[in-house]
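# sequence and computational prediction follow.
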Amino acid sequence: MAMPKLIPDQMEVMEILKKTGAYREGHFIYPNGQHTPHYFQMPLAFRYYDTARVLAVALSRKFRGEKVISSALPKVAIISPSPGGIPVAFGVREALNAEQIYWAEREEGKRRFRQYVNQGEINPCVIIDDITRTGKALTETVELVRELGAQAIGCGVIVRFTSAPTRIDNGDDGVPILSLVEFEAKWYEEGQKCAECEQTAPVEHVRF
Ligand SMILES: [Zn+2]
């Protein structure tokens, strides 16, 4: 019997995302008018315990390989920048046996924790999200924990668009964004020269 691989490769992760509907191919239009031939809706992969666990454990193994993180465990806080990252953050927390977990939400245009949640000491932070397209949510969350006197020592996502940076500035040397999939997204502004438009493929409007 073949030994299961410790970390599934990018193709295996994409198979899981496809199978669960979290990765979709077609002809999609965003509210801002951009057209794209692919769409990620990551909570679809995290609605199944089994696939959620495979993905979270795989991501946690990437962090185990980072000395700055493995040497800080279990005194680490796992932080989700938004509700979408919460199931990933809980899965990674469990796999790493990290002590704390937090999640931020956007309130009046600012990313923040719930009132009183940040009282007391926040351990060195690992920021975990389901997907990053621009790195903005990760960057804002690294800034948020810095304002609260904590240091981000890692960042990780299931899928990183290659349009996102590879590192996030944490006020020190910066931290790399670890990911299971590096995805090169295709965009067409307002449908200009969209290949699917040219094939008159039916469109699906997506909310964000
Ligand atoms: Zn189109």
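The structure has been received and is ready for your questions. Numbers count the residues shown, from 1 in each chain.

# got the contact list for the helix or strand where I101 lies?
In the assignment (DSSP states H and E), I101 maps to strand 100-103. Defining contact as Cβ atoms under 8 Å, 6 or more residues apart in numbering, one finds that strand 100-103 is touched by 76-83, 85-86, 89-90, 93, 113, 117-118, 122-123. In short, each C-beta sits where N, CA and C put it, glycine included.

# list the buried residues for the helix or strand just after it?
Once the chain leaves strand 100-103, the next helix or strand it forms, by DSSP H and E, is strand 105-107. For strand 105-107, a neighbour-count test (16 or more other Cβ atoms under 10 Å) marks nothing as buried.

# identify the single longest helix in this structure, thanks.
helix 49-64 (DSSP state H).

# now for that helix, which elements pack on it?
Packing partners of helix 49-64 (3 or more Cβ pairs under 8 Å, 6 or more residues apart in numbering; DSSP states H and E): helix 10-19, helix 43-46, helix 67-70, helix 86-96, strand 152-161, strand 175-183.

# switch the ones you listed over to CSV; also include mean neighbour count, mean pLDDT and distance to the ion.
CSV is the format used below for the helices and strands packed on helix 49-64 (neighbours: other Cβ atoms under 10 Å; pLDDT from 0 to 100; distance: least, Cβ to the ion, whole Å):
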stretch, mean neighbour count, mean pLDDT, distance to the ion
helix 10-19, 16, 97, 21
helix 43-46, 20, 97, 23
helix 67-70, 14, 96, 42
helix 86-96, 22, 97, 30
strand 152-161, 25, 97, 19
strand 175-183, 20, 97, 19
